[in-house]
Each structure stands twice: as structure tokens, then as C-alpha cells.
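Asker: No sequence on hand, only this structure:
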């Protein structure tokens with residue numbers, strides 16, 4: 001979009017196919033923090049043009065959720081997608097990227113894994129029943145919203161549930177739709193995908 005720029009601020013995570021960065025999105029309406037997930041050059045070299053399809057599928061899945069009225073608060077919000085042209089080892093590569101809302105977890109951590117670990121360290125126990133019920137309710141409502149728009153996540157795990165707020169204002173949001181696909185669609189990789197265990 002005209003007048004929109006992104007400034008990468010720091011690396012915040014990495015997976016097998018992409019690296020996540022905290023970035024600032026600057027637009028005429030203001031500046032907001034986002035998370036940019038950029039495909040690794042090795043994945044782009046390995047998959048060729050199919051690499052853009054990987055990010056495109058994730059963007060389509062998240063866009064479908066954004067179009068719901070009202071959009072669900074239990075799934076991270078899609079912001080934008082595109083590609084960055086770069087030269088690596090004498091070859092020009094288009095590194096596909098995706099921007100989603102930034103979830104600030106605070107001192108207890110950003111993922112469900114972080115929050116449970118924090119609770120174990122500070123209390124000796126995982127979540128108390130009311131908090132566990134809230135987490136299950138939010139994850140269930142997020143999955144329901146995802147399925148309502150015809151998408152299958154395919155990688156549900158505690159590290160893919162982001163959390164913000166605390167107490168009664170704590171919100172659990174589904175994230176990382178990198179291997180999601182439309183219901184009835186075919187797999188991008190043609191193999192078993194997801195997180196073992």
C-alpha cells in the first residue's frame with residue numbers, strides 16, 4: 001500500500017522455515033508494532049516458486065478470519081504480506097514475508113508454554129482451574145472461528161497459542177498458520193507436517 005513501510009527492529013524467534021522479527025509498521029494513520037515472519041533463504045532455494053505459496057496460504061487463512069464480522073479476538077490478526085528481493089550466493093531470491101499483530105506477553109511470557117512455566121516457577125502449580133478453563137475456552141473459540149471460515153490449523157501446540165493481558169483480561173490467541181490449509185485443500189509439501197509429539 002502506498003505510504004506504508006516496515007522497519008525491522010529485532011529478531012524474536014525462528015522456526016524451520018522462517019524467522020520472526022519485531023518490526024514497526026509505519027502508515028499514514030500511525031506507527032504500530034507487528035511481527036514479520038520472513039521465509040529462510042534455504043527454504044526459498046529448496047522450494048523455488050512454491051515458497052511464495054507457503055506464505056500465500058497462511059495469508060489467505062488469516063485474511064478469511066479478518067473478514068469475519070466481528071473478527072475473533074482469539075486468533076492473531078493478519079496485517080499484510082509481500083516479498084523482499086535479496087541476493088544470496090550470487091542468486092536473486094524473493095523472500096516471502098507475512099506481518100501479523102504483535103502480542104506483548106509481559107513478564108509472564110508471550111506463549112501458553114511461557115505462561116504455564118511462569119506459573120510453575122512462582123506457585124509450584126500449573127494454572128488454577130478458572131484460568132485453565134479460560135485458556136480452553138479461548139482456544140476452543142479460536143479453533144471454532146478458524147473452522148467456520150473453512151481453515152484447518154494443523155499445528156496446534158502451546159507454543160502456537162499467544163497470550164496477552166492478565167487476570168480476567170487475559171486473552172489466548174491462536175498463531176502460526178504456516179502449515180494451515182483450507183478444508184478439502186491439498187497439502188503444500190505432500191508429506192506429513194506439524195510438530196512431532
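Answerer: Right, received. Where do you want to start? These numbers were taken from a predicted model, which means no experiment stands behind them.
Asker: name the helices or strands packed onto the top helix by length along the chain?
Answerer: Longest helix in the chain by number of residues (criterion: DSSP state H): helix 129-148. Helices and strands in packing contact with helix 129-148 are listed as helix 50-66, strand 171-174; criterion 3 or more CB pairs under 8 Å, 6 or more residues apart in numbering; DSSP states H and E. (C-beta placed from N, C-alpha, C; glycine too.)
Asker: what mean pLDDT does it have?
Answerer: Averaged over helix 129-148, pLDDT sits at 94.
Asker: Packed most tightly, which of the helices and strands packed on helix 129-148 would that be?
Answerer: strand 171-174 (a mean of 21; mean count of other CB atoms under 10 Å).
Asker: ok now that one, how far from the chain's centre?
Answerer: Between the centre of strand 171-174 and the centre of its host chain there is 11 Å, according to CA atoms, centre = their mean, to the nearest Å.
Asker: Can you classify residue 97 as helix, strand or coil?
Answerer: In three-state terms, and counting by DSSP: H, G, I helix; E, B strand; the rest coil, residue 97 is strand.
Asker: What residues does it make contact with?
Answerer: Contacts for residue 97 (CB atoms under 8 Å, 6 or more residues apart in numbering) come out as 36-39, 55, 81-84.
Asker: I'd like the distance between residue 88 and residue 175.
Answerer: Computed as CB to CB, to the nearest Å, the residue 88 to residue 175 distance reads 28 Å.
Asker: Looking at these two, which has the bigger crowd around it?
Answerer: Neighbours of residue 88 and residue 175, each counted by other CB atoms under 10 Å, are more numerous for residue 175; the result is 23 against 12.
Asker: Surely that one and residue 100 touch.
Answerer: Yes - judged on CB atoms under 8 Å, residue 175 makes contact with residue 100 at a distance of 7.3 Å.
Asker: Give the residues shared as contacts by these two.
Answerer: In contact with both residue 175 and residue 100: residue 76, using CB under 8 Å, 6+ apart.
Asker: wait, is residue 92 part of a helix?
Answerer: No - Residue 92: not assigned to a helix; according to three-state DSSP it is strand.
Asker: can you pull the contacts of it?
Answerer: Counting by CB under 8 Å, 6+ apart, residue 92 makes contact with 85-86.
Asker: Find the least confident helix or strand in the chain, judged by mean pLDDT.
Answerer: The element with the least model confidence among the helices and strands of the chain, by mean pLDDT, DSSP states H and E, is strand 181-182, at a mean of 65.
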